[in-house]
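Chemist: give me a 3D structure for the following:
(2 chains)
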Amino acid sequence: MKRILTILIFGLILASCDFLDLQPEDSYTVSASYKTQDDFEKAIAGVYDSQQRLYSGADCWFRAMIIRGDEVRAGTGGSSSTGISTFLDDAKVPILATGWQYLWQMIARSNMILCRIDDADFKDETMRAYIKGEAYALRAWAYYTLCWQFGGMPLITSEMSLKEVRTVARSDADATFALAEGDYKRAISLLPAKWEYTADDGSVNKDYVGRVTRYAAMGGLARLYMFRSEFSKARFYLKQIIDSGLYDMEENYVDCFVDSHDNGKERVWEVQFSGNLTGEGTAFISGLLPDGYNKEGDPTALMPFNGYSTAMRIALNMMDCYESGDIRKAVSTVQNLVVSGVKEPVYSYIIKYVHYSYRPQARDDWANNLPIMRYTDVLMLYAECLNEEGYSAGGEAMRILNRVRARAGLAPYTSAELTNQASFRTALRDERRVEFAFEGLRWQDLLRWGTAQDAMTDHFSIPDNGKGYYKMNDYQTVFPIPYDELSRYNDDSVMWQNPGY
Amino acid sequence: MKRSIAIILFIHFAFFLASAQSGQVKGRVLDETGAPVPGAYVTDKSNKVNGTTTDLEGRFTLIIDASSSVEVSFMGYSTAVVPVGGKDKLTVTLEPDVQALKDVVVVGYGSVKKSDLTYSVAKMTDDQFKERAFSTMSEAFQGMLSGVRASAQDGVPGEELTIRIRGTNTINGDSSPLYVIDGIPSDDMTDISASDIASVQILKDAAATSIYGARGGNGVVLIETKQGTASKPVVNFGAWYGVQQVEKTLDMMTGPEWIAYNMFRRNLSYKRAGGSLKTSMDERPAQYQIPSYWADATEFSDWQDIVFRTAPIQEYTLSVSEKNKNGSTYVSVGYLDQDGIVIGSSYNRMNGRINKSIKIGSNLTIGLNMNFSSSDQDGAGASGKEAALHHALQVTPLMRIDEGTRDLGFPENIGMTYPNPLLRLKSTKALTHLFNWGGSVFAEYKITKNLRFKSQYGRNYAAKTYEHFEPGNVAYSTGFITNGRSYSNKKDKWVLQNTLTFNRRSGRHTFDAVLGQSAEQLRFYQIDATATGWPYETVSTLNVATTPTNATTRRNTYTGLSFFGRGNWNYDDRYLLTVSLRYDGSSRFGANSKWGLFPSVSGGWKISSEPFMRNVTFLNLLKIRAAYGVAGNDRIGDYKYIPMLGSYNASWNGKKVSGLASSNISNPDLQWERTRSLDLGLDISLWKNRVQLNADWYNNITDNLLFDVPIPMTSGYPSYTENVGSILNRGWEVDLTTFDIQGAFNWQTSLNLSHNYNEVLDMGDITSFTTFAFDGVFLTTVGGPVSQYYCYQADGILTAEDIAAGVPMMEGQREGNPKYVDASKDGKINEEDYVAQGSSLPDLTWGITNKFSWKGFDLSVLVQGQVGGQITFLGARQYDNGTGGSTNSTNQFSHWLNGWKPDFDAMYGEDENPIPREYLEAHGLSMEWDGKTPNVCYGKYSQNDTRRLYDATYVRIKNITLGYEVPVKALHARHVKGLRTYVSIDNVKTFSDYPGFNPEANDTSAGGNNTTRQGIDYSTYPLCRRVVLGVNVKF
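Modeler: Alright, predicted model coming up:
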């Protein structure tokens, strides 16, 4: 018996090394990855995933961009965006913390790719360059987005240990924009003009369409320059997009948003979604309409399922911006909805993205891509550059503006109406407000024009928006750094709150 | 105790006795069945140094004086004293000692006489489990054990209580104890029938638990099930039947109150949006319109009354027990059936068990423990966030019970689409089926009379199936789309344990030692699928669903390997010393730290056994003990040290593409959490054991705390898992049992008190961090307890004078809003003004049981409670907020009717006053301010303030049981050997200031996590009051 025991014990000690050394059976490990081209194709998809998450929830970050400006009623929103519409926001607004998290995740995932890709085995060297380009472009977009929203950021451009991360203090906005600018430029030099290509056998492969292209990166960079009012730099890149010949305006305004025209000629850069309950759809669109669309077969129902009590109500002053006859009004908004058996006589809701060919089967199953940059925006920004650099009566800027108005079913402006730079500027800004309504651009535009406070004062002055009850303070041109993040740093000298909050 | 005194006597008189006449006596020791008892101690009663032990045949030979007596003792049996009386052959028959069984305490891989314990162990025995009715075993723990906090966090039928031993030892690990059931380690004790329990011992200090090494750090619950005992087969039949009712309902608005309040809110909102009350109703925005039918409505629904019910519960158990010279047998079956007090919820369970041992020859015993349990629990989706119970508090009393679904439609313009809670409960399935099969075989071989080898192989298979189905009609969370989920998992575990036990008595020295090894593997597999859309909802399985949406399988394995040993030394029944050591390896630990060493040492001094104490006759036992040990907590999740890739899929050109990204930061040094525990104890028995006191003081320092350290999001990861920091748990426990009156009338009192102080000592690089549960914030900071509530300190309401005086306010605050304390004194109210408000951990938990018996009657009353600790009523953020500035019309606590209001007549003019005076007058209601409730209709406020934080102190009359032992002789029923009937009431009354259902609630499904976010009530399933009638018959 003792001998058996001895054998048993020693046997187990010897066997123990293997016995205790287990590898996960249902998960991939990092050590086995980041080695081949295939690994990096999956890794770059992981960066797109983080960006997608900013646009995919019923109360996602993208929604906060709409709520902040003067497009929706003061007080509209829901608990995760409390205070954003009324400027009573504080560092605890959950929607901003979520945005912050995904934006930084994009940066970290891009950094991991950029640090490791040069040592990896690629069977196709062009793909190595493309993926690097994508990582730079997505990192640039994330830094730019963080910076215009929150101000200067810590500049982290490599895989860092936790200790190192904790020592990188916030830098100023100039340095952060400069980082994004450099990344965009690198991306432009690396990325393909388009992802659609013809294979050796003559077949056209469209599987990669929707990934960031050289022109998408140029659009991103141009927007950064516009935010900095560097019009000639912006114009340089916008012109290249226009001259590429790859894009054009859709004939019908609705086709800028309907899923059947996803990745079409209007779409320079958009966040990709797909339906069929793949888990890759968006619920953002479901979040736009109120409770009550839950009657199966009801022809007035715009969605096959129930909406949300937190649906945004469009500001009455926003509705007044549409000129009569503007076909964009009916595409973008809906009035007189019947909710819970009662017709809504006053408020309208956003339906800009509620145009579909694939009917979603669940709230989070919308296949519609959501725009980052439309070609119309490229043209309009270009027109803005031209005007800011020098007004030209009946020039190209005017032609662009009128082309946009023509698609909206509106009469063109004449040189007699817009006689100088200032009047053209006003007309162009007003046009942007309706053309790009609810596309998350208005607040950014107000900030770069420096008119945010004036616009919000006007917005809050009407009775339905509190009649002076709310106000925007000077410091509210940037959002507060999320309280959660400050508490994670717990170090004011590295990560500090924006002044005023 | 008798023996201790005898030893003292001996020491002084041995010399005198040594001169007497001696002769050889041969004898044999048999048990009550006539089987030989090997290893029994046989001593000369008058000279205890003179002794021997029986051989395998139960035989002994002793040189003894003819006038003396032979004293035979054996664990579990009464000590027998037989006068030699000049004979040279003796047969001694031992009788089982019921009291002695109670005095034996099972510790890991062995047992110890209670009076010889050197560490801190709490014990419950079978009679405590059978005298009243328990639906789950852990229910029996509450209020009965010092140092053990058993809390009823959730009243869902079949749910076990949450057990915590000596506070919270961990921040991010799992703080539940290790369960060892008939020798086999387990993570839980689900679905064991209380009627099968022989004893439960809870090892509390690390000296006791270090024999379980890396798994003992949170304490160990040792559960022994019954073995056959009676020499002739005894059949026990137990049955009880009871009815349950909700213990308490909440004070929500009645129908007229809801209408008045919402008329007011809609008028006010419209006024604030610039409207005039003179405008015709249908021109108002829809959300501000007051439907015309409101004013005349007379029929209302009380939704709490509708979803709660009086529900039956019953249990039947049958067991047979037998023991003879060839071994013992215990067979039992049991069935419990319970309807929940919330409609749609239920639980039933069937148990079966065979515990069998067979003696083969005199040296070999082989045995078998087999059990199965099968249970079905239907939670009906009742509890938690956005669940039916939560909605039952929130839906308008205007909704009738035949409306409020997608098909039935909602009442016009009520400002909410919460589905009908009743129909939702009735049609939602949340069915958990659990099937447990456990079997272990063991062989015990007596190598020599002092050395035994035992090998045990246990196998446990737990299969769980969960089916969830929510018909589209009531599917709130998916926007009224039918949805279902089903998962099925299995845990397949084997454990192999080999132990070598040695014991030897040599003069005044007694040695015991155990040496062992164990190996264990747990394999987990799960398949999980979801689907949406069903053509017909008569069948709920996923195969008939229109669209499958997800299917995954998961698989992982845990392995552990251990070597351990323990030695006990008892000198002269005065000095006790125990040392133990365990060496543990686990697959969960990082490559650099696969193995850990866990030592312990403990000692005791029985002062009452000292010669100088011999004159102190009232003192039966006075013992002091000290114990120091190291134990660990390995419940840190599998493969946590390995950097993994998570699936983060994206979409390109309308097609899903697979994406992968690193999901955690690797840590090859990851290891167990280590608890070092010092325990000082005192055991006293006085006046023939009529007063028994056990007191302990302990100091547990857990370091190497496993930490999902929340790290800056700028790193790309939310947290990093590492062993940093330490936490202190220091406390004391007192158990006092007194036999107040003995005789024809008996009165016994048992009191237990436990105090635990919890403090985070260190967290590595950081000194504090916060976590969130919706809008609730929790702080864990160095110098304070784990999981403190972190919020604004509310200080009444803002008055006009406050505002005029310029008190600090939030941007946008107005008169009547809650006023907050500017804790940071910077003149602003922002997150810097959050104040740590303490945690949910109580200062004192206590229980007191009074038992009275007279003739055949017995009465016991258990009162238990806690002092200190808080609870946050997080679920009330939707019905105790006055609904704030939002447009929804959820029902509210009725006090909101009387919230602060400005002088509307002055503000808007008398004819534009939003208060619906006419309706109020017609229904005898008032909206006058109650002096407390703030104004939340405009301005700004936070919900994360002290207004929703409550003192969780409570006193509960937990149980009253009145029993009657029917004199069976009077029954003239030949086969009936015993008959007891009883009436028992559980949760008789809870005294507490908490406005929610249950001050012990802790909802882990709604943002809580049991470690850093503790003490959350989110419309948690309430407790029930239960009245039970029971009978136990013995044949």
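Chemist: in the sheet, who's paired with residue 349?
Modeler: All of this is about chain A. Counting by DSSP bridges, A:Tyr349 forms beta bridges with A:Val334.
Chemist: sorry, should have said chain B
Modeler: Here B:Arg349, judged by DSSP bridges, has bridge partners B:Leu336, B:Ser375.
Chemist: and it, what pLDDT?
Modeler: On pLDDT, B:Arg349 comes in at 93.
Chemist: how about the one 10 residues further on?
Modeler: The pLDDT attached to B:Lys359 in the predicted structure is 90.
Chemist: quick check: B:Gly384 touching B:Ser1019?
Modeler: Yes - counting by Cβ atoms under 8 Å, B:Gly384 touches B:Ser1019, with 7.2 Å between them. (C-beta placed from N, C-alpha, C; glycine too.)
Chemist: name the residue in these two with the higher neighbour count.
Modeler: Neighbour count, other Cβ atoms under 10 Å in any protein chain shown: between B:Gly384 and B:Ser1019, B:Ser1019 has more, with 30 against 22.
Chemist: how near is the more buried one to chain A?
Modeler: In this view, B:Ser1019 and chain A are 17 Å apart by Cβ to the nearest Cβ, to the nearest Å.
Chemist: tell me the buried residues in stretch A:428-447?
Modeler: Neighbour counts over stretch A:428-447 (16 or more other Cβ atoms under 10 Å in any protein chain shown) mark A:428-429, A:431-447 as buried.
Chemist: those residues in helices, which ones?
Modeler: A:428-429, A:431-435, A:442-447 (DSSP state H).
Chemist: any idea how many residues pack against the residue lying closest to B:Glu537 once chain neighbours are set aside?
Modeler: Leaving aside its chain neighbours, B:Glu537 sits nearest to B:Pro471 (4.6 Å; criterion: Cβ to Cβ, 6 or more residues apart in numbering or on different chains). Counted with other Cβ under 10 Å, the neighbours of B:Pro471 add up to 24.
Chemist: so B:Pro471 sits right up against B:Leu425, yeah?
Modeler: No - with contacts counted by Cβ under 8 Å, B:Pro471 stays clear of B:Leu425, the gap being 11.9 Å.
Chemist: gap between B:Ser69 and B:Tyr941?
Modeler: Look at B:Ser69 and B:Tyr941: by Cβ to Cβ, to the nearest Å, they are 83 Å apart.
Chemist: okay, these two: which has more neighbours?
Modeler: Between B:Ser69 and B:Tyr941, counting by other Cβ under 10 Å, B:Tyr941 is the more crowded of the two (27 against 16).
Chemist: could you say which helix or strand holds that one?
Modeler: Assigned by DSSP states H and E, B:Tyr941 belongs to neither a helix nor a strand.
Chemist: from A:Leu379, how far out is it?
Modeler: Distance from B:Tyr941 to A:Leu379, by Cβ to Cβ: 47 Å.
Chemist: ok, now B:Ser586?
Modeler: With distances taken as Cβ to Cβ, B:Ser586 is found 64 Å from A:Leu379.
Chemist: OK, now which residue of the stretch 101-250 of chain B is nearest to chain A?
Modeler: Proximity of the stretch 101-250 of chain B to chain A (Cβ to the nearest Cβ) peaks at B:Ala214, 11.7 Å away.
Chemist: show me what contacts B:Leu408?
Modeler: By Cβ atoms under 8 Å, 6 or more residues apart in numbering or on different chains, B:Leu408 lies in contact with B:Asp402, B:Asn420, B:Asn473.
Chemist: returning to what we had before: more neighbours: B:Ser586 and A:Leu379, which one.
Modeler: Neighbours per residue (other Cβ under 10 Å) separate B:Ser586 from A:Leu379, with B:Ser586 holding more: 26 against 23.
Chemist: for that one, list each beta-bridge partner.
Modeler: Beta-bridge partners of B:Ser586, counted by DSSP bridges, are B:Gly560.
Chemist: pLDDT-wise, which helix or strand of chain B ranks last?
Modeler: Least confident helix or strand, chain B: helix B:2-17 with a mean of 41, by mean pLDDT, DSSP states H and E.
Chemist: what residues does the stretch 551-700 of chain B have near chain A?
Modeler: Neighbours of chain A within the stretch 551-700 of chain B, by Cβ under 8 Å from any Cβ of the partner chain: B:553-561, B:563, B:585-587, B:591, B:594, B:638-639, B:642-646, B:648-662, B:665-666.
Chemist: residues from the stretch 751-900 of chain B in reach of chain A?
Modeler: Residues of the stretch 751-900 of chain B lying near chain A by Cβ under 8 Å from any Cβ: B:765-770, B:772, B:775, B:810-812, B:830-831, B:885-888.
Chemist: try it again with 7 Å
Modeler: B:Ile766, B:Thr767, B:Ser768, B:Phe769, B:Thr770, B:Phe772, B:Glu811, B:Gly812, B:Asn830, B:Glu831, B:Gly885, B:Asn888 (Cβ under 7 Å from any Cβ of the partner chain).
Chemist: mind showing which ranges of chain A have poor pLDDT?
Modeler: Chain A contains residues with pLDDT under 70 at A:1-17, A:292-304.
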